[in-house]
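K.L.:
show me how the following folds:
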Amino acid sequence: QVQLVESGGGLVQAGGSLRLSCAASGRTFSYLAMGWFRQAPGKEREFVALISRSSIMKSHADAVKGRFTISRDNAKNTVFLQMNSLKPDDTGVYYCAAAPKSWPQSSDEYDSWGQGTQVTVSS
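P.N.:
Sure thing, here's the model as predicted:
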């Protein structure tokens, strides 16, 4: 497994921006597909974004498409989530996750998870 530590969460007004970071250690980062998930209070965890090992492929959930962008820096073992035009519905705990495969198809295929960072968007 890989150790993942998220940072960058906080309280922001609707329409604002945040940039989440997730630092990885313990495994060769460039071998891992990386994803972001979130969980709102009382709701199930949901997929937010996914990036392939070499950044060639990216996927974003419909709810965040056009507002959020996932990226990674393999030299720094870090994955990012740039979040713009934030809405109150974006409030939740954001988790990064690592999958030892090229393109995971479900959350079950991720074998390492961070502790999460809280994002709160006020209206």
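
K.L.:
what about the chain, any weak spots by pLDDT?
P.N.:
Residue ranges of the chain with pLDDT under 70: none are present.

K.L.:
for the spatially most central residue of it, give the beta-bridge partners.
P.N.:
Closest to where the C-alpha atoms of the chain average out (CA atoms, centre = their mean) is Trp36, at 2.3 Å. Beta bridges link Trp36 to Ala49, Cys96 when assigned by DSSP bridges.

K.L.:
for the chain, just list every one of the strands.
P.N.:
With DSSP state E, the ranges of strands along the chain come out as 3-7, 10-13, 18-25, 33-39, 46-51, 58-60, 68-73, 78-83, 92-99, 112-113, 117-122.

K.L.:
thought Ser7 was touching Val119?
P.N.:
No: using CB atoms under 8 Å, Ser7 is not in contact with Val119; the gap is 11.6 Å. Heads up, the C-betas are built off the backbone N, CA and C, glycines and all.

K.L.:
find residues that contact each of these two.
P.N.:
Common contacts of Ser7 and Val119 (CB atoms under 8 Å, 6 or more residues apart in numbering): Leu20.

K.L.:
those two: which is more packed in?
P.N.:
Val119 (22 against 13; other CB atoms under 10 Å).

K.L.:
skipping its backbone neighbours, what lies nearest that one in space?
P.N.:
Excluding the flanking residues, the one nearest Val119 by CB to CB, 6 or more residues apart in numbering is Gly9, at 4.8 Å.

K.L.:
look up phi and psi at the one you found.
P.N.:
Gly9 adopts backbone torsions of phi -70, psi 170, taken as degrees, to the nearest 10.

K.L.:
between the strands of the chain, which one is closest to Ser106.
P.N.:
Smallest distance to Ser106 across the strands of the chain (CB to CB): 8.7 Å, for strand 46-51.

K.L.:
list the buried residues in stretch 111-123.
P.N.:
Residues of stretch 111-123 classed as buried by neighbour count (16 or more other CB atoms under 10 Å): 112-114, 116-117, 119, 121.
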